[in-house]
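Participant: Predicted coordinates and the sequence they were generated for:
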Amino acid sequence: MTAAELAAASVLPSGLSPEAQSLWHAKHGNWEAAHNIAQDIHTPLGSWIHALLHVIEGDQWNADYWFSRAGKPSRKSAEIDPLWDEIAGVVLRN
């Protein structure tokens, strides 16, 4: 599955990793579900997804904390879509 296919899926595809599930929910406006999943992913990749979610939420301070935990540079709200694509590309390659 590609990032574009994940984004275009109208229902949550079966068999996705928790990371991909969180990204699907984020792309489809289900912030709380995405956040609940991301909170349980205790890896740098999970922290990166968590950072994205706080950028989407508009909580830049919290996002910066999670970007730091992920070892990634901070990104702003104008970069949400390219950031989602970047993270999804990594998640779907694994």
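Facilitator: Happy to help now that I have it.
Participant: Could you look up the SS state of S22?
Facilitator: Three-state assignment for S22 (DSSP: H, G, I helix; E, B strand; the rest coil): helix.
Participant: Equivalent analysis for L12, please.
Facilitator: On the basis of three-state DSSP, L12 is classed as coil.
Participant: Number of residues surrounding it?
Facilitator: Using other C-beta atoms under 10 Å as the criterion, L12 is surrounded by 14 other residues. Using the backbone N, CA and C atoms, a C-beta is placed for each residue, glycine as well.
Participant: do you know how far P44 is from S14?
Facilitator: Look at P44 and S14: by C-beta to C-beta, to the nearest Å, they are 26 Å apart.
Participant: The two - which one has more neighbours?
Facilitator: Under the criterion of other C-beta under 10 Å, the comparison of P44 against S14 puts P44 first, with 12 against 5.
Participant: so the more buried one touches W66, yeah?
Facilitator: No - taking C-beta atoms under 8 Å as the contact criterion, P44 and W66 are not neighbours in contact, 10.0 Å apart.
Participant: List the contacts of the closest residue to L53 other than its chain neighbours.
Facilitator: Closest residue to L53 in three dimensions, ignoring its sequence neighbours and counting by C-beta to C-beta, 6 or more residues apart in numbering: H35, at 5.2 Å. The contact partners of H35, taken as C-beta atoms under 8 Å, 6 or more residues apart in numbering, are S22, H50, L53.
Participant: Verify the contact between the last one and I37 for me.
Facilitator: So the one you mean is L53. No - look at L53 against I37 with C-beta under 8 Å: they stay out of range, at 9.6 Å.
Participant: Need the overlap of contacts for the two.
Facilitator: Residues touching both L53 and I37 comprise S22, with contact defined as C-beta under 8 Å, 6+ apart.
Participant: How about the secondary structure of V91?
Facilitator: At V91 the chain is in helix, as set by three-state DSSP.
Participant: how much space between the closest residue to it other than its chain neighbours and W61?
Facilitator: Spatially, and ignoring its direct neighbours in sequence, V91 is nearest to E19 (4.5 Å; C-beta to C-beta, 6+ apart). The gap separating E19 from W61 is 23 Å, by C-beta to C-beta.
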